[in-house]
Each structure stands twice: as C-alpha cells, then as structure tokens.
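>>> Below: sequence and its predicted model.
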Amino acid sequence: MLQTFGVIGAGVMGTDIALDLAGYGYKVILKDLHEEVILRAKEKIRREFRVYQLTQKHLKALSVDELFSRIVFTTTYEAFEEVDYIIENVTEHWETKKRVYSELREVCRDDVYYAVNTSCISITKVAALMPRPELVIGMHFMNPVPLKEMVEVIRGMHTSDETVSVAEEFLQSCRKTPVVVNDFPGFVTNRVLMLMINECIWAVQDRVSKPQDVDKIFRMGFGHKMGPLATGDLIGLDTILNSLYTLYEQFNDPKFRPAPLLVKMVDAGLLGRKSGKGFFEYTRKG
Ligand SMILES: NC(=O)c1ccc[n+]([C@@H]2O[C@H](COP(=O)([O-])OP(=O)(O)OC[C@H]3O[C@@H](n4cnc5c(N)ncnc54)[C@H](O)[C@@H]3O)[C@@H](O)[C@H]2O)c1
C-alpha cells in the first residue's frame, strides 16, 4: 500500500501537490534545494490551505496543524528510504531533471514508482535514466492542483500496465480523474496549450491587441474561465518558455518558436504570479 510520498521540488506545483496529498491523509516528504524555498513553501501552503478549505469539503474538518503534521519539509534525502512513491516537480529543464533522477536512483528503494510532473519533457527519456523504467510514468497535474480534477497520465514506452493501474488508483483516492495518453512531445494538453499561449504573445508583440483584451476575447468570446495570458502567468512564463523550447526541439517544427517578447520578459524576471508580475500584476508573489 502506498503511504509515503516523496515530492521533489517545492515550487508552484510541488507545494500544491504536497497540500493536496496531505489533505487526503498521505504522508509527504517535500524536498527542495534551499531553506529559503522551504520557508516560502510553508508560508504558501498555510495561506492556500485556508483558501482551499472554503470549497474543499474534506479539508474543512482538518486543522492547519494536522495538515502540517503529515508533511516533512527538507533539503536532504535523509528520510527517503521510507518513500513508496515519488512525484517529481523540479524545474522544466532537462539537465535539472536528469540530475535529480540520478540522485533518486541512489537513495530510493528498488520498488519505488516515479511520477514525472512535466509540461513537455519525454517520460520515456526520463525512464531511460532509471534501473527499472517500467516503474516510471508521467503525471501531469493541472494548476491549481487541489481544485483541478483531471490529471493527464502519460504512459512512457516502457511503463508497465501495473504502474498505470497503481497511478490510476492513487489518483482516484485523491478524487482525481486520470486520463491516460501516450508519451509524445507535450502530450495532448501542452502540445495545444503552449501554442495557444505563444500565439497570443505574438499578437501582443505585433500590437494587434493589449493583454487585457486578448484575454477578454477568450473569456467572453469562447467562454474560457481564464484567458491564455493569465494562464501563462499562472503557470510561470519561464515554464512556458522552457516548454516551447522542448516542443520546438522535439518536433523540429518552427510553429513552436517562442515569441521574442516571451524571451525578453523571462530575461527581465517577469515570470508571472510567482515573481509578482508577468502580463498582469499581482499583489503577492507565489
Ligand atoms: N506551473 C504549472 O502550472 C505546471 C503545471 C503542470 C506541470 N508543471 C511542471 O511541473 C514541474 C514543476 O513546475 P513548477 O511550476 O512547480 O516550477 P517552479 O519553478 O515553480 O518550481 C520548481 C522547483 O524545483 C526546485 N528544484 C530545482 N532543482 C531541484 C533539485 N535538484 N532538488 C529539489 N528541488 C529542485 C526549485 O528550487 C523550485 O522550487 C515542471 O516540470 C513543470 O513543467 C507545471
């Protein structure tokens, strides 16, 4: 039975996943590189827990202390021999992910499952780094995790049927709906979403329209809950850029070339919500 989850990376996704899993009674070890990131993660989980409690029935009866008693915050791999399942959420950058998997294979038991939370990186390529590639699967959570029911589950070339079943059962235990797809650049979600966000950025760059109006067209014209540029800010513009580079390289297709305005914004540190400013401004970072 899966009891303890190692959640690697305490950024936008890792913090929400730790909160969500702990809310469903799982023990979580949340690891990032630096103490300051861990402190920010604690603060974010505490803040967001109160917000999610308003709408999530299962969180209403839980106190913040109970939630925190289920999460170990750390910058080391010390307790990782007790981990049954890894959910990896480090930066969308191949060399960064590669380093993390080379560390995990040294510290985790042989029977541990690995869920790669990635926007576009190949699950098959990550699995090739591991001694048992059949235990590696893609788990593309939607943001914000506690509010989004659908999870795109990606079957790598070597992912076993048992690994898929275990992933589906675990997600259902957290009231998620898994949709299983095959490993291909960007899967279904980001093959389409990244193109759409990028094309909207090109439209702003070409002065066709302002960010507010681009998003208004999608919200009011197409009934989207959130416009593409606000979605880009929510995801993180650095993650959008890295995803576009990956799609561009893997498909070898110029339709994925990032808009120079996106590159410039990332260079300037305008990353969206996590930095306080992207296409729109936010009163609080994170
Ligand atoms: N942001 C989204 O909306 C979203 C949605 C679905 C999937 N994803 C994917 O999830 C992954 C994480 O995205 P994010 O938005 O949380 O990124 P982020 O930049 O907010 O956080 C990444 C975290 O990883 C940490 N990290 C880097 N190297 C590490 C290491 N060696 N060990 C431990 N931690 C390390 C960083 O310090 C940072 O805190 C990416 O692959 C991304 O493509 C993101």
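That came through fine.
>>> neighbours around the residue nearest to Thr189 when sequence neighbours are not counted, how many?
What sits nearest to Thr189 in space, not counting adjacent residues and going by CB to CB, 6 or more residues apart in numbering, is Glu152, at 5.4 Å. No exception for glycine: its C-beta is placed from N, CA and C like everyone else's. When neighbours are counted by other CB atoms under 10 Å, Glu152 registers 17.
>>> Surely Glu152 and Lys176 touch.
No. Glu152 is beyond contact range of Lys176, at 10.6 Å (criterion: CB atoms under 8 Å).
>>> Overlap of the contact sets of the two?
With contacts defined as CB atoms under 8 Å, 6 or more residues apart in numbering, no residue is adjacent to both Glu152 and Lys176.
>>> So which elements touch the helix or strand containing Val164?
Assigned by DSSP states H and E, Val164 falls within helix 161-173. Applying 3 or more CB pairs under 8 Å, 6 or more residues apart in numbering; DSSP states H and E, one finds that helix 161-173 makes contact with strand 113-116, strand 136-141, strand 150-155, strand 177-182.
>>> Try it again at 10 Å.
Helix 161-173 makes packing contacts with strand 85-88, strand 113-116, strand 136-141, strand 150-155, strand 177-182 when contacts are defined by 3 or more CB pairs under 10 Å, 6 or more residues apart in numbering; DSSP states H and E.
>>> Now mean pLDDT and distance to Arg219 too, for those strands, in JSON lines please.
Below are the helices and strands packed on helix 161-173 laid out as JSON lines (pLDDT from 0 to 100; distance: least, CB to CB, whole Å):
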{"stretch": "strand 85-88", "mean pLDDT": "98", "distance to Arg219": "31"}
{"stretch": "strand 113-116", "mean pLDDT": "98", "distance to Arg219": "32"}
{"stretch": "strand 136-141", "mean pLDDT": "98", "distance to Arg219": "23"}
{"stretch": "strand 150-155", "mean pLDDT": "98", "distance to Arg219": "20"}
{"stretch": "strand 177-182", "mean pLDDT": "98", "distance to Arg219": "24"}
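>>> what about these, which gets the closest to the ligand?
Comparison of the helices and strands packed on helix 161-173 against the ligand by CB to the nearest ligand atom identifies strand 136-141 as nearest, at 5.5 Å.
>>> count of residues packed around the residue in the chain that the ligand sits nearest to?
The nearest approach of the chain to the ligand comes at Gly11, 1.9 Å away (CB to the nearest ligand atom). Per other CB under 10 Å, the neighbour tally for Gly11 reads 19.
>>> For it, which non-adjacent residue is spatially closest?
Using CB to CB, 6+ apart, the closest residue to Gly11 is Asn89 (6.7 Å).
>>> Spit out the contact partners of the one you found.
7-18, 30, 32, 97, 100, 115-118, 139, 141, 145 (CB atoms under 10 Å, 6 or more residues apart in numbering).
>>> change it to 6 Å
Asn89 makes contact with Gly9, Met13, Gly14, Asn117, according to CB atoms under 6 Å, 6 or more residues apart in numbering.
>>> Likewise for Tyr26?
With CB under 6 Å, 6+ apart, Tyr26 has these contacts: Phe5.
>>> likewise Leu171?
Val151, Pro178.
>>> hmm, back to that, is it possible to get TSV of the contacts of Asn89 that adds distance to His58 and pLDDT?
Output for the contacts of Asn89, formatted as TSV (distance: CB to CB, whole Å; pLDDT from 0 to 100):
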residue	distance to His58	pLDDT
Gly9	24	98
Met13	20	97
Gly14	21	98
Asn117	22	98
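>>> Can you tell me which of the residues you listed end up in helices?
Those of these mapping onto helices are Met13, Gly14, per DSSP state H.
>>> Among the contacts of Asn89, which one is most surrounded by other residues?
Neighbour counts for the contacts of Asn89 (other CB under 10 Å) peak at Met13, which has 27 neighbours.
>>> Chain neighbours aside, what residue packs nearest to it?
Met13 sits nearest to Asn89 (CB to CB, 6+ apart), 4.3 Å away.
>>> Quick check on the one you found: phi, psi?
phi -130, psi 40 (degrees, to the nearest 10).
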